[in-house]
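Trainee: A structural model of the following input is requested.
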Amino acid sequence: MTTDRIQHLIHRRFSQISIRYPALVRWIAERLSTDHFRGLPLTVLLGLLIGNVMILSEIAENLVNSEPMVQVDQGFTQWLFRERSTSISQLLYTITWLGSGYVTIGLTLLGSFVLYQQKKGRNILILWLLMAGVGLFVQVGKRTFIRKRPVEVGYYTESGYSFPSGHSATAMTLYGLLGYWLVRGRRRLRSRWLVGSCAVGLVLVVGFSRIYLGVHFLSDVVGGYLLGACWLIVGIVLSEWQHTPKREN
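Mentor: Residues are numbered from 1 along each chain as shown. Modelled structure (predicted):
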């Protein structure tokens with residue numbers, strides 16, 4: 001729906017407000033418009049970004065205050081430990097490396113090369129901005145909350161602090177962004193669903209592997225997802241904004 005159409009509907013229903021505050025009504029209409037990216041799509045993305053930040057802040061506050069979430073973490077970790085099997089652990093141990101620094105840096109370099117071949121220099125900048133940003137914020141979070149890992153149930157020894165999960169945050173950002181670009185470049189709906197499902201599944205499996213292997217708590221992974229999603233939203237906004245016609249900027 002166009003900006004003018006929305007503005008007309010607002011004027012019909014709220015004529016007094018429309019006459020008294022025309023600039024405000026115009027601004028609202030532009031935020032709800034679906035005929036350009038800076039309208040409803042951008043509004044929804046910014047709303048999701050704010051929501052993610054609020055939920056992440058709530059989780060962090062619960063951890064600091066040792067609220068029920070900590071007991072949920074402990075209970076879920078102990079349950080997975082009791083149900084842990086050797087074959088699944090070995091499989092997830094392999095999969096969890098898809099969120100490691102070595103693999104993500106390698107994929108970022110490979111992705112940059114492909115984007116260079118496609119002459120998408122701006123996307124290269126977006127990719128590196130997001131990976132640097134999420135990496136920085138993960139380290140800031142770890143050094144701020146200084147949460148110990150559940151070492152007593154760890155399948156293997158992992159260094160560093162626990163909250164937020166760097167693997168989960170990085171996987172959400174990297175695979176989410178690459179998946180988004182691939183989906184956007186597909187015309188067939190079936191191909192889009194396939195690529196999107198693979199990206200979502202990969203992110204979820206990497207996060208679950210961190211809990212199953214006993215190197216992170218549930219809230220660490222959720223916090224990592226939320227942090228990674230924040231940077232993913234930034235990447236989507238930057239990606240779409242560069243395709244917005246200059247007359248709309």
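Trainee: the helix or strand hosting Leu204 - what's its average pLDDT?
Mentor: Using DSSP states H and E, Leu204 falls within helix 189-212. Summarised as a single mean, pLDDT over helix 189-212 is 93.
Trainee: go through it and flag the buried ones.
Mentor: For helix 189-212, the neighbour count (16 or more other Cβ atoms under 10 Å) marks 192, 195-196, 199, 202-203, 205-212 as buried. Any C-beta I mention is one placed from the backbone N, CA and C, and that applies to glycine too.
Trainee: name the nearest residue to Gly166, sequence neighbours excluded.
Mentor: Val138 (4.4 Å; Cβ to Cβ, 6 or more residues apart in numbering).
Trainee: residues near the one you found, how many?
Mentor: For Val138, the tally of surrounding residues (other Cβ atoms under 10 Å) stands at 25.
Trainee: which one among the buried residues of helix 189-212 gets closest to Trp231?
Mentor: Compare each of the buried residues of helix 189-212 with Trp231 using Cβ to Cβ and the shortest gap goes to Val203, at 13.0 Å.
Trainee: leaving out chain neighbours, which residue sits closest to that closest one?
Mentor: Nearest residue to Val203, sequence neighbours excluded (Cβ to Cβ, 6+ apart): Ala171, at 4.9 Å.
Trainee: ok, now how distant is the one you found from Gln71?
Mentor: When distance is defined by Cβ to Cβ, to the nearest Å, Ala171 is 27 Å away from Gln71.
Trainee: do Gly185 as well
Mentor: 45 Å.
Trainee: do a quick rundown of the helices in this structure.
Mentor: Defined through DSSP state H, the helices belonging to the chain, from first to last, are 3-13, 15-20, 22-32, 40-64, 68-83, 86-95, 101-117, 121-145, 166-184, 189-212, 218-241.
Trainee: how distant is the fifth one from the center of its chain?
Mentor: Taking Cα atoms, centre = their mean, to the nearest Å, the mean C-alpha location of helix 68-83 is offset from the chain mean by 24 Å.
Trainee: dump the residue contacts of Lys148.
Mentor: Shown here is Lys148, whose contacts under the criterion Cβ atoms under 8 Å, 6 or more residues apart in numbering are Tyr161, Ser162.
Trainee: let's go with 10 Å and repeat that
Mentor: Neighbouring residues of Lys148 by Cβ atoms under 10 Å, 6 or more residues apart in numbering: Tyr161, Ser162, Phe163, Phe217.
Trainee: including neighbour count, pLDDT and distance to Leu42, could these go into CSV?
Mentor: As requested, the contacts of Lys148 are exported to CSV (neighbours: other Cβ atoms under 10 Å; pLDDT from 0 to 100; distance: Cβ to Cβ, whole Å):
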residue, neighbour count, pLDDT, distance to Leu42
Tyr161, 18, 92, 35
Ser162, 25, 92, 34
Phe163, 25, 94, 31
Phe217, 26, 94, 34
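Trainee: ok, of those residues, which one's closest to Gly154?
Mentor: Proximity of the contacts of Lys148 to Gly154 (Cβ to Cβ) peaks at Ser162, which lies at 10.7 Å.
Trainee: from Lys142, how far off is that closest one?
Mentor: When distance is defined by Cβ to Cβ, Ser162 is 8 Å away from Lys142.
Trainee: likewise for Gly135?
Mentor: Distance check for Gly135 against Lys142: by Cβ to Cβ, it reads 11 Å.
Trainee: any shared contact partners between the two?
Mentor: Counting by Cβ under 10 Å, 6+ apart, the contacts common to Gly135 and Lys142 are Gly166.
Trainee: neighbours of Arg122, how many?
Mentor: What Arg122 shows, counting by other Cβ under 10 Å, is a neighbour count of 14.
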